[in-house]
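In: my questions are about this predicted structure, shown below with the sequence.
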Amino acid sequence: VVFFDKNYQTPAWLSHKLSRRKLLKSAAGASAIAALPVMAFNEKAQDKIVKALQSDPWLTLNAVLDHLLPQSIHGPSSKELQVLTYLYNVVHQQPTEQSEIDFIYKGVGWLNGYTTSQLQKNFVALSKVEKETMLKGISQSTAGENWLNNLLGYIFEAMLAPPIYGGNPQERGWQWLDHQAGFPLP
């Protein structure tokens, strides 16, 4: 399984993306989001998204995102923040490097390969405890840690981005963080 390849090298785009300076800038306000084009929502586009999200790799990504930010009385969940829709828009509508998109998709394949080798089931079919065990397992490798960190970054982006980008509906993330967005919004 690739997650445990000792020769794995962190991709350059991810090293740049996860640098301390970038992380602090993102956490301070997701300023890079302002440069992204506005997403157009129409019925045809919405139907396409809904259909796509009902199959893999999106089912697995949804299960991972839900596990990383589950339903809680303490704050919004991945579902409430529409992180999966936000990620879909990043992959299909935003100017995202192809190598980053490939890494997201390959991680799904690696994860399902690992869970199948360990438990004879794909990730989405696992119990909460099994999911936790498998995610802890892959996080022990550099590739797995990078993949999970990348998904966590998208959770934070969806939480902090203006709702027009597909996440943070009704500004739920901002309300939870008691954040006042800058103006003008996109």
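Out: Thanks, I have it. Residues are numbered from 1 along each chain as shown.

In: please tell me how far residue 137 sits from residue 163.
Out: Counting by CB to CB, to the nearest Å, the gap between residue 137 and residue 163 amounts to 35 Å. C-beta here means a position set from N, CA and C on the backbone, and glycine is covered the same way.

In: of those two, which one has the most company?
Out: Here residue 137 and residue 163 are set side by side on neighbour count (other CB atoms under 10 Å), and the busier one is residue 163, at 21 against 17.

In: can you count the residues close to the closest residue to that one other than its chain neighbours?
Out: Among residues not flanking residue 163 along the chain, residue 169 sits closest, at 5.6 Å (CB to CB, 6 or more residues apart in numbering). Residues within reach of residue 169, counting by other CB under 10 Å, total 15.

In: also residue 60?
Out: For residue 60, the tally of surrounding residues (other CB under 10 Å) stands at 20.

In: for it, which non-adjacent residue is closest in space?
Out: Of all residues not flanking residue 60 in the chain, residue 108 sits nearest, at 4.7 Å (CB to CB, 6+ apart).

In: tell me which other helices or strands the helix or strand hosting the one you found touches.
Out: Element membership of residue 108, judged by DSSP states H and E, is helix 98-119. In terms of contacts (3 or more CB pairs under 8 Å, 6 or more residues apart in numbering; DSSP states H and E), helix 98-119 is packed against helix 12-17, helix 58-68, helix 83-92, helix 128-138, helix 142-160.

In: pull out the buried positions in that helix.
Out: For helix 98-119, burial by neighbour count (16 or more other CB atoms under 10 Å) applies to 103, 104, 107, 108, 110, 111, 112, 114, 115.

In: now swap in stretch 87-97 and tell me
Out: Buried-residue list, stretch 87-97, by 16+ other CB under 10 Å: 87, 88, 89, 90, 91, 93, 96.

In: between the two ends of it, how far is it?
Out: End-to-end distance of stretch 87-97 (CA to CA, to the nearest Å): 13 Å.

In: what does that stretch contact?
Out: For stretch 87-97, the surrounding residues in contact (CB atoms under 8 Å, 6 or more residues apart in numbering) are 13, 36-37, 39, 49, 52-53, 58, 61, 65, 101, 104, 151, 154, 157-158, 165-166.

In: stretch 72-85 too?
Out: By CB under 8 Å, 6+ apart, the surrounding residues in contact with stretch 72-85 are 49, 53, 58, 61-62, 65-66, 68-71, 154-155, 158-159, 166-169, 172-173, 176.

In: in ChimeraX, how would I select the buried members of the residues you listed?
Out: Applying 16+ other CB under 10 Å to the contacts of stretch 72-85 leaves a buried subset, and the ChimeraX line that selects it is:
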select :49,58,61,62,65,66,68,69,154,155,158,159,166,167,168,172,173
